[in-house]
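1. the following block contains a protein sequence and its predicted model.
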Amino acid sequence: MDAIYRQLCCDHQSMQQMLDSFEQLLQDLFEHSDRDPNTLSCILDALDYFSVYPDQYHHPVEDLIFAQLLRKPIHNRNVIYQVRKQHRQIATATKHVCALFYAVANNAMVERSVLRSASSAYIQLQRNHIHLENTALFPQVERYLDAKDWRLIRIRAENLGNPFFDSSRKKMYETLREHLTQHQTAATALA
């Protein structure tokens, strides 16, 4: 399979790890009445990852792939439209959750129940989205796209100036992901 497709699959695994870490950080935050600046800082780092990497790197490339997939005789076109809609919903939800946590970081009053509810809904939206892509779209990508399709997708992505191919930026987000997932591993080991 094409390197772009393999990268998207790796991205999904990385995003799942980030969601697990984010969920653990939220649990740490909500279980303690005192605000730990380190936990809040890690939450903000995770939100930075979620607000930049998927929207600027991952989803634009997926959208190109799904547009190419629509040219094929696939059996479930509606799932592509649903996933594209989810991309927009995720971007909006990410901005909302970021605004809430940045308000907390700036000592604004935000009810815990509002933070908890928005965070839980956000995590569920992300998990449902990844699951839908993995189970309903990626198998169709594997089945219907050939080497010619992948060449077209690569050219279109490069013409968009998509940073998906910028290894230094990707390395920065990979380092952030490793840092945050190590935080989760350390927190789990101490529990």
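-> Okay, I see it.
2. tell me the contacts of D63?
-> Going by C-beta atoms under 8 Å, 6 or more residues apart in numbering, D63 touches 84, 87. The way it works is simple: take the backbone N, C-alpha and C, and place the C-beta from them, glycine included.
3. with just CA atoms, put the helix or strand where it lies into PDB.
-> Here D63, judged by DSSP states H and E, is contained in helix 59-69. The C-alpha coordinates for helix 59-69 follow below in PDB (Å, rounded to 0.1, in the frame of the first residue of the first chain):
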ATOM      1  CA  HIS A  59      -7.600  15.600   7.400                       C
ATOM      2  CA  PRO A  60      -6.700  17.500   4.200                       C
ATOM      3  CA  VAL A  61      -4.900  14.500   2.900                       C
ATOM      4  CA  GLU A  62      -7.800  12.200   3.800                       C
ATOM      5  CA  ASP A  63     -10.200  14.600   2.000                       C
ATOM      6  CA  LEU A  64      -8.100  14.300  -1.100                       C
ATOM      7  CA  ILE A  65      -8.100  10.500  -0.800                       C
ATOM      8  CA  PHE A  66     -11.900  10.400  -0.200                       C
ATOM      9  CA  ALA A  67     -12.500  12.700  -3.200                       C
ATOM     10  CA  GLN A  68     -10.500  10.200  -5.300                       C
ATOM     11  CA  LEU A  69     -12.500   7.400  -3.800                       C
END
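4. buried set for that helix?
-> Within helix 59-69, the residues scored as buried using 16 or more other C-beta atoms under 10 Å are 59-66, 68-69.
5. next: stretch 25-39.
-> Within stretch 25-39, the residues that count as buried by 16+ other C-beta under 10 Å are 25-26, 28-29, 39.
6. closest one of the buried residues of helix 59-69 to R116?
-> H59 (26.3 Å; C-beta to C-beta).
7. for the closest one, which non-adjacent residue is closest in space?
-> Sequence neighbours aside, H87 is the residue nearest to H59 in space, at 4.6 Å (criterion: C-beta to C-beta, 6 or more residues apart in numbering).
8. with K72 instead?
-> With sequence-adjacent residues excluded and distances taken as C-beta to C-beta, 6+ apart, K72 is closest to Y144, at 4.1 Å.
9. nothing else from me, thank you.
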